[in-house]
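when you get a sec, could you give me coordinates for this:
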Amino acid sequence: MNQTVIALGFFDGVHRGHGALLEKTVQRARELGAEPVVFTFDRPPKEVVTGKPVLLINSPEDRRGLVKRLYGIERIILAPFDREMMTLPWDAFVEQKLVRDMHAVHLVAGHDHRFGHKNQGTPQLLQEKCRELGLGCDIIPKVEVDGITVSSTYIRELVESGDVETAARFLGHRHCMTQTVGHGQRLGRTIGIPTVNLAVPEHVLTPKFGVYVSRVYLPDGRSCAGVTNVGTRPTVSRGEAVSVETFLLDFDGDLYGQDIRLEFCKRLRGEVKFDSLEALREEIQKNIRQTRAYFEKNGVERGGENMV
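Predicted structure coming up:
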């Protein structure tokens, strides 16, 4: 097995702070002729310890996809966080899991990284253990935007409030959701506005209910502007099930059963119960015009991975 440089963390959102860590991992791997690897967990340790669900910015699949797409790291270990892992002492985690099993020669972690049984492992202890074992180690300092520390906790608050534009500035890319297109009730077709329907992954938070300018990336590499509704569709449904439905501008085709990536660009309005389907149709047409204007002004990739 190749020698490895391993990035440590949970990487929820894969934000700018994570980006600094991942870029350093790729740099060190190149310098050492080693393979860059991300070691993370399939679910939040806090969820296992407390027994309470933790809402995340991304699904495990989106975390993996963002790391590969934005930072070019192909090998991402989503280790099961089970009782054995939860009770493993921090030094045994380094010696056994990282060095013995994964042939680590260099480790990279964030300034606030805690690990091992009862979170007893700290960045300082990690550095000391690496020196003892003859490994390299980088501890990445905090990253700030407008004087605010970039953190998954803060970004979760932004997404939940619907402020996806500010969230994108802290993420370094648009908030996204990758899912398989499923069948809806086909009500959009009755008003001439067919939608693609995505189920919200388990334990993943949704942006605040409402209508969003979005960008949808298709399996063939193309992308389309979209108008996305997040919520319970009060005009046409009495249920409380949350849906994510997107009308694709200038698209004609069937995406059922295919994976698409939905990126949230800007919140246009809250979710409204209209008096009639005609009133709903007129409002969506207005949102379509707003979406066209957004991309005419900002371009396709502003707020995406090319964002600075």
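
sheet-wise, list the partners of the one helix or strand residue 224 maps to with their directions.
Secondary structure from DSSP states H and E places residue 224 in strand 223-231. Using DSSP bridges, strand 223-231 pairs in its sheet with strand 210-217 (antiparallel), strand 243-248 (antiparallel).

looking at the ones you listed, which is closest to residue 68?
For the strands paired with strand 223-231, proximity to residue 68 was assessed by CB to CB; strand 210-217 is nearest, at 13.9 Å. From N, CA and C alone the C-beta is placed, and that goes for glycine too.

what's the local residue count around residue 172?
Residue 172 has 25 neighbouring residues, counting by other CB atoms under 10 Å.

roughly how far apart are it and residue 14?
For residue 172, the distance to residue 14 (CB to CB, to the nearest Å) stands at 8 Å.

overlap in contacts, the two.
residue 70 (CB atoms under 8 Å, 6 or more residues apart in numbering).

these two touch, right, residue 154 and residue 170?
Yes - here residue 154 reaches residue 170: they are 6.7 Å apart, a contact under CB atoms under 8 Å.

near residue 182, how many other residues are there?
Neighbour tally, residue 182, other CB under 10 Å: 12.

now it: closest residue in space, sequence neighbours ignored.
residue 197 (5.2 Å; CB to CB, 6 or more residues apart in numbering).

sticking with that neighbour, tell me its helix or strand.
Here residue 197 is assigned to strand 196-198, by DSSP H and E.

what comes into contact with that strand?
Counting by CB under 8 Å, 6+ apart, 177, 179-184, 216, 243-246, 248, 255, 260, 262 sit against strand 196-198.

tell me which of these has the lowest pLDDT.
Taking pLDDT as the measure, those have their low point at residue 184 (64).

quick revisit: joint contacts of residue 154 and residue 170?
Common neighbours of residue 154 and residue 170, counting by CB under 8 Å, 6+ apart, are residue 148.

circling back to that earlier point, how about the strands paired with strand 223-231 in CSV, adding mean neighbour count and distance to residue 293?
Converted to CSV, the strands paired with strand 223-231 look like this (neighbours: other CB atoms under 10 Å; distance: least, CB to CB, whole Å):
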stretch, mean neighbour count, distance to residue 293
strand 210-217, 23, 9
strand 243-248, 22, 16
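
need these in TSV (columns: distance to residue 193).
Shown next, in TSV, are the strands paired with strand 223-231 (distance: least, CB to CB, whole Å):
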stretch	distance to residue 193
strand 210-217	12
strand 243-248	5
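
between the ones you listed, which gets nearest to residue 273?
Nearest to residue 273, of all the strands paired with strand 223-231, is strand 210-217, at 12.8 Å by CB to CB.

surely residue 111 and residue 124 touch.
No - Residue 111 lies out of contact with residue 124 (CB under 8 Å); the separation is 10.4 Å.

and the two? Which one has more around it.
residue 111 (13 against 9).

for the more buried one, what are its contacts?
123, 139-142.

what about those residues, which are in helices?
Taking DSSP state H as the definition of helices, these contribute residue 123.

top of the contacts of residue 111 by neighbour count?
When neighbours are taken as other CB under 10 Å, the top entry among those is residue 140 (23 neighbours).

could you check how far residue 217 is from residue 29?
Applying CB to CB to residue 217 and residue 29 gives a distance of 28 Å.

meant to ask about residue 42, not that
24 Å.
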